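Undergrad: Fold the stuff below for me.
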Amino acid sequence: MSDMPLWGTITFEVVKLGAQFSGALVVARLAVNWALRRYKSEKIWERQLAAFSDSVSALAHLRKVLHAEIDQFEEQGGSHIDRDLYQKSWRTLEEVIATARLLLPLDVATRLHQFDVEFSAADGYFSGDPVDVLYPQVAAVNGLLEFLVERGRTDIGGFPKVTPEQ
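TA: Numbering: from 1, shown residues only. Sure, this is the predicted structure:
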């Protein structure tokens, strides 16, 4: 490089440093964008997992309350229903469903909404024999639980469908 004048050497070094700096900026931006996309997708996955698990947990609790009411009704032969416990379980489930409908895929959200509407409608028919309402509600809860567990396993966990033989 002794043939190159001093200003040429300086210019060459400045251009090299500029190219290195520009390359480093491009790589840093790509890395940050990749990390941000990955963080967002992981957060979405975590929120969906929480929505699935909260929904399943609230449904299981409601099913337990419904079974207890059926057992109490059949053992005592009366028509007493613990409306406070029932309403508390139902309100918890409604809150969970509202959040889950925002986070879960459209077909799951639609199924949750349909369940919400049908279950609420059935709740208004407590004028006659409570078991006439409780048994269909248990069946509806069981159906939704099965659906959510299956979808949760495939959507969130990547697990295959569980069959009774397993």
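
Undergrad: Count the neighbours of L25 for me.
TA: 10 (other C-beta atoms under 10 Å). Bear in mind the C-beta positions are built from the backbone N, C-alpha and C, glycine included.

Undergrad: any idea which helix or strand carries it?
TA: Assignment of secondary structure by DSSP states H and E places L25 within helix 6-76.

Undergrad: now for the following helix or strand past that helix, which elements pack on it?
TA: The C-terminal neighbour of helix 6-76 among helices and strands, as given by DSSP H and E, is helix 83-103. If contacts are counted by 3 or more C-beta pairs under 8 Å, 6 or more residues apart in numbering; DSSP states H and E, helix 83-103 sits against helix 6-76, helix 106-123.

Undergrad: Which one, of the ones you listed, ends up nearest to D155?
TA: Nearest of the helices and strands packed on helix 83-103 to D155, taken as C-beta to C-beta: helix 6-76 at 7.1 Å.

Undergrad: Show me what that closest one is packed against.
TA: When contacts are defined as 3+ C-beta pairs under 8 Å, 6+ apart, helix 6-76 packs onto helix 83-103, helix 130-152.

Undergrad: circling back to that earlier point, quick one, which of the helices and strands packed on helix 83-103 is nearest to R153?
TA: Across the helices and strands packed on helix 83-103, closest to R153 is helix 6-76 (C-beta to C-beta), at 9.1 Å.

Undergrad: Now do that closest one against helix 130-152, angle only.
TA: Angle between the axes of helix 6-76 and helix 130-152 is 160 degrees (criterion: axes from the mean of the first three to the mean of the last three C-alpha atoms, to 10 degrees).

Undergrad: What distance do you get for the nearest residue to A60 once chain neighbours are set aside to P136?
TA: The shortest distance from A60 to any residue other than its chain neighbours is 6.8 Å, reached at L145 (C-beta to C-beta, 6 or more residues apart in numbering). Per C-beta to C-beta, to the nearest Å, L145 is found 15 Å from P136.

Undergrad: just G8 next, same as before
TA: With C-beta to C-beta as the criterion, G8 and P136 are 88 Å apart.

Undergrad: which regions of the protein sit below the pLDDT cut-off?
TA: Scanning the chain for pLDDT under 70 picks out 1-2, 4, 77-81, 123-130, 158-166.

Undergrad: Settle it for me: which of G8 and P136 has more neighbours?
TA: It is P136, of G8 and P136, that has more neighbours when counted by other C-beta under 10 Å, with 14 against 11.

Undergrad: Contacts only, for the more buried one.
TA: Listed by C-beta atoms under 8 Å, 6 or more residues apart in numbering, the contact set of P136 reads A122.

Undergrad: All further residue positions should be reported with the first residue as 851.
TA: With the count now opening at 851, the last piece we talked about shows up as P986.
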